[in-house]
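> quick check, what structure comes out for this input:
(chains A, B, C and D)
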Protein chains: 2
Amino acid sequence: MTTTTAARQRAQAKVEYDAFLAQCPSRKLLDRIADKWVTLVLAALRSDGSHRFGADCASEPRPLRYSELSRLLAGVSQKMLTQTLRSLERDGLITRTVVPTVPVTVTYQLTDLGVSLHEVIRGLKGWAETHMDDVLANRATYDNRVG
Amino acid sequence: MTTTTAARQRAQAKVEYDAFLAQCPSRKLLDRIADKWVTLVLAALRSDGSHRFGADCASEPRPLRYSELSRLLAGVSQKMLTQTLRSLERDGLITRTVVPTVPVTVTYQLTDLGVSLHEVIRGLKGWAETHMDDVLANRATYDNRVG
DNA sequence: GGAAGTAGGCACCTGAAGGTGCGTAACTCC
DNA sequence: GGAGTTACGCACCTTCAGGTGCCTACTTCC
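Now for the predicted structure:
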């Protein structure tokens, strides 16, 4: 066989590490919020939907309808909006309620868990707003030195 | 033409929203840390590299060598490690120093900016550790009800 | 003299995220 | 009677992050 002891040890470590990663709650959270539309939906539901873009803290969270969300997050495709909402509902971050009106009406609302998640996302937002300019400046400097 | 006024207005809103997203610092940050290895490298550099897996706060941040990182993050490919380190250096989150020893030695170290970013990531970790079980429980319940 | 460590570069490949387009079933407005 | 709205479902297509494998040039260990 061509595999030496050292190589096998590395392979073993790799398997263990992969298993650790698949288990890690932090990673699961990251995968969750890294989703393109997740944070935007959370922010929209956290706001009352009155301002269109960088919805933030907001006066009083109001349940929003599918079509309202669709209009608020103007760039989202119907497929992705539905998919995102389903997954958030599945995780207990939002609730979905169907009102049997003439054309059926569906409203979505943050749960307490969803609100608490939005809090930590606002933490990210804070860092981004104060430090992201530095990062971009560093990036430009680096590119000038190298490229 | 088949495009009505309402349709054109929606298209316009979509373009504006996409432009807003491309500009949004929060989104840039999310894209940055959503990278599979970024948070792991930051955590490894924040720790002194003594424990292998969920490196966290750590006693005293010590600069780590390429090979040390490679062994710590056992699952990472050489390509991805190099790529991740380059991008972090580009953003001014870590520094890269070459020591001209017999075989050349390269060490990586967090900058102040990198440390501050790691702080907000620890915020994420905190939420994940306290709430992720709830999320998984909700998910299981949902799947039982539906599937 | 072959294996292993030093820090990567380069080319190719795949899986999955996300986008596009089309259809629906019932109702309403003009 | 054609278009619009309501909340989606389904199939196809593109893109790219990330992985794999092979290369370097030098040195040291066994």
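> strands along chain A, start to end?
Taking DSSP state E as the criterion, chain A carries its strands at A:64-65, A:94-99, A:105-110.
> okay, angle between the second one and strand A:105-110 too, please.
Using axes from the mean of the first three to the mean of the last three CA atoms, to 10 degrees, the direction of strand A:94-99 lies 160 degrees away from that of strand A:105-110.
> counting contacts, what elements does strand A:94-99 pack onto?
Other helices and strands packing on strand A:94-99, by 3 or more CB pairs under 8 Å, 6 or more residues apart in numbering or on different chains; DSSP states H and E, are helix A:78-90, strand A:105-110. Using the backbone N, CA and C atoms, a C-beta is placed for each residue, glycine as well.
> how about exporting the shortest one as PDB, limited to the C-alpha atoms?
Meaning strand A:105-110. Only the C-alpha atoms of strand A:105-110 are listed here, as PDB (Å, rounded to 0.1, in the frame of the first residue of the first chain):
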ATOM      1  CA  THR A 105     -54.500  35.700   2.700                       C
ATOM      2  CA  VAL A 106     -51.300  34.400   4.500                       C
ATOM      3  CA  THR A 107     -49.500  36.400   7.100                       C
ATOM      4  CA  TYR A 108     -46.000  35.800   8.600                       C
ATOM      5  CA  GLN A 109     -44.800  37.000  12.000                       C
ATOM      6  CA  LEU A 110     -41.600  36.700  14.000                       C
END
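> quick one: residues contacting the closest residue to A:Leu117 other than its chain neighbours.
Take A:Leu117 and drop its neighbours on the chain: the residue closest to it by CB to CB, 6 or more residues apart in numbering or on different chains is A:Leu93, 6.1 Å away. Shown in contact with A:Leu93 (CB atoms under 8 Å, 6 or more residues apart in numbering or on different chains): A:42, A:110-111, A:113-114, A:117, B:135.
> do that again at 10 Å, thanks
Contact analysis of A:Leu93 by CB atoms under 10 Å, 6 or more residues apart in numbering or on different chains lists A:32, A:38, A:41-42, A:45, A:85, A:87, A:110-118, B:131, B:134-135, B:138.
> now swap in A:Ala128 and tell me
A:135, B:24-30, B:32-33, B:117, B:120.
> JSON lines for those residues, including distance to B:Leu69?
Converted to JSON lines, those look like this (distance: CB to CB, whole Å):
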{"residue": "A:Val135", "distance to B:Leu69": "21"}
{"residue": "B:Cys24", "distance to B:Leu69": "31"}
{"residue": "B:Pro25", "distance to B:Leu69": "28"}
{"residue": "B:Ser26", "distance to B:Leu69": "28"}
{"residue": "B:Arg27", "distance to B:Leu69": "28"}
{"residue": "B:Lys28", "distance to B:Leu69": "24"}
{"residue": "B:Leu29", "distance to B:Leu69": "23"}
{"residue": "B:Leu30", "distance to B:Leu69": "24"}
{"residue": "B:Arg32", "distance to B:Leu69": "18"}
{"residue": "B:Ile33", "distance to B:Leu69": "17"}
{"residue": "B:Leu117", "distance to B:Leu69": "17"}
{"residue": "B:Val120", "distance to B:Leu69": "22"}
